[in-house]
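[1] What would the 3D arrangement of this be:
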Amino acid sequence: MSEWQEINTVPRDIKLLFFSKGNSKASNTQARSLQIVVDIINDRWPRGMHQFPESKYSHWMYLPTPPNGVNHE
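    Predicted structure coming up:
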């Protein structure tokens with residue numbers, strides 16, 4: 001498994017794991033807590049589909065190999 005990388009090095013158009021430490025002052029209750037999500041960053045979703053504006057992703061890593069060779073798609 002790869003290690004967490006800084007968000008400024010994130011590749012586009014591929015599903016990845018993203019990390020956000022959360023923001024205790026966020027108005028959205030989900031944005032207040034630590035998040036690790038599968039997401040994708042591309043031209044349609046430059047900030048990611050599941051990223052809360054109040055709690056931005058800070059790190060990413062490649063998805064681990066799924067069990068029994070199941071495809072990530």
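[2] Quick one: neighbours of residue 12, just the number.
    Residue 12 sits with 11 neighbouring residues when counted by other C-beta atoms under 10 Å. All C-beta atoms are positioned from the backbone trio N, CA, C, and that covers glycine.
[3] From what I see, it and residue 45 are in contact.
    No. Look at residue 12 against residue 45 with C-beta atoms under 8 Å: they stay out of range, at 9.9 Å.
[4] how near is residue 15 to residue 63?
    Distance, residue 15 to residue 63, using C-beta to C-beta, to the nearest Å: 6 Å.
[5] From residue 56, how far out is the spatially most central residue of the chain?
    Geometric centre of the chain, nearest residue: residue 18, 2.1 Å, by C-alpha atoms, centre = their mean. Residue 18 sits 10 Å away from residue 56, going by C-beta to C-beta.
[6] Cheers, nothing more for now.
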